[in-house]
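Chemist: Output the structure for:
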Amino acid sequence: MHPDIRHCNACGHAVEFRVPDGDHLPRHICPHCGHIQYINPKVVVGVIPEHADGRVLMCRRNIEPRLGLWTFPAGYMEASETTAQGAAREAMEEAQVDVHVDGLLMVINVPYVSQVYMIYRGTMRGDHFGPTFESSEVRLMREDEIPWDDIAFPTIWNGLRQFFDDRAKGRYEVHSLDLAFRRKPPLRDEVAGDAATP
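Modeler: The predicted structure follows:
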């Protein structure tokens with residue numbers, strides 16, 4: 001039972017935790033109105049904005065979690081938008097950058113936090129970008145300037161690596177990856193090799 005779900009979000013009655021008829025997993029069910037509350041994974045959308053000179057736009061996080069570490073623009077998808085629209089919105093919100101969202105680069109499943117990442121390639125429509133409430137610093141970086149040891153999340157680390165690998169090959173594909181487990185403290189889980197399934 002999810003500890004935060006005690007009452008029905010439809011009528012406010014106390015819920016029961018049991019397997020509904022025709023289902024295979026226990027759910028939070030309201031015995032008063034019959035409403036079933038499902039807990040579904042969150043979708044995170046992101047884009048790697050590429051400048052005309054080949055550098056990519058990176059943001060230093062100004063909020064927790066991972067305050068002070070680096071990422072490309074990414075965040076939770078909003079209702080009533082496509083994944084590409086969400087990625088473009090996050091780029092504007094986190095880096096003040098207008099991005100044309102190109103093809104999908106990677107889908108990353110992170111079951112230990114119930115998230116699915118949809119990472120896109122993007123082309124900057126101009127030279128304007130800057131810090132925001134969410135990003136204390138925003139910089140264009142070459143591949144050799146990426147602070148690989150200070151990347152905020154393993155999903156970001158993997159997305160960047162795949163982007164640069166594909167670009168070096170001269171062709172982009174859609175990739176998928178399962179990040180199977182979280183590293184235990186004090187080790188950080190940014191570096192993907194140990195976190196990814198084969």
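Chemist: Quick check, pLDDT for residue 33.
Modeler: At residue 33, the model reports a pLDDT of 97.
Chemist: Then residue 4?
Modeler: At residue 4, pLDDT is 87.
Chemist: Would you quantify the distance from residue 109 to residue 118?
Modeler: According to Cβ to Cβ, to the nearest Å, residue 109 stands 11 Å off from residue 118. Bear in mind the C-beta positions are built from the backbone N, C-alpha and C, glycine included.
Chemist: Those two: who's more crowded?
Modeler: residue 118 (21 against 17; other Cβ atoms under 10 Å).
Chemist: Endpoints of stretch 32-44, how far apart?
Modeler: One end of stretch 32-44 to the other measures 34 Å (Cα to Cα, to the nearest Å).
Chemist: who's in contact with that stretch?
Modeler: Here stretch 32-44 makes contact (Cβ atoms under 8 Å, 6 or more residues apart in numbering) with 2, 5, 8-11, 13, 15, 20, 27-30, 74-77, 83, 111, 114-118, 155.
Chemist: Stretch 83-99 too?
Modeler: Stretch 83-99 has contacts (Cβ under 8 Å, 6+ apart) with 43, 45-47, 49, 57, 59, 73-75, 77-78, 81, 100-101, 104, 118, 120, 122-126, 128-132, 134-135, 138.
Chemist: and it, which residues are buried?
Modeler: Within stretch 83-99, the residues that count as buried by 16 or more other Cβ atoms under 10 Å are 83-84, 86-91, 94-95, 97-99.
Chemist: Same check on stretch 60-77?
Modeler: 60, 61, 66, 69, 70, 71, 72, 73, 74, 75, 77.
Chemist: Stretch 120-139 too?
Modeler: In stretch 120-139, counting by 16+ other Cβ under 10 Å, buried: 120, 121, 122, 124, 129, 131, 132, 134, 135, 138, 139.
Chemist: end to end, how far does that stretch reach?
Modeler: OK, stretch 120-139 end separation, Cα to Cα: 19 Å.
Chemist: right, and the helix or strand after the longest helix along the chain?
Modeler: Looking across the chain with DSSP state H, the single longest helix is helix 154-169. Toward the C-terminus, helix 154-169 is succeeded by strand 175-178 as the next helix or strand (DSSP states H and E).
Chemist: Would you mind measuring from the residue located most distally from the centre of the chain to residue 3?
Modeler: Taking Cα atoms, centre = their mean, the residue of the chain most remote from its mean C-alpha position is residue 32, at 36.8 Å. Separation of residue 32 from residue 3 (Cβ to Cβ): 21 Å.
Chemist: What's opposite the most centrally placed residue in the chain in the beta bridge?
Modeler: Central residue of the chain (Cα atoms, centre = their mean): residue 44, 3.6 Å from the mean position. Using DSSP bridges, the bridge partners assigned to residue 44 are residue 76, residue 117.
Chemist: All set, thanks.
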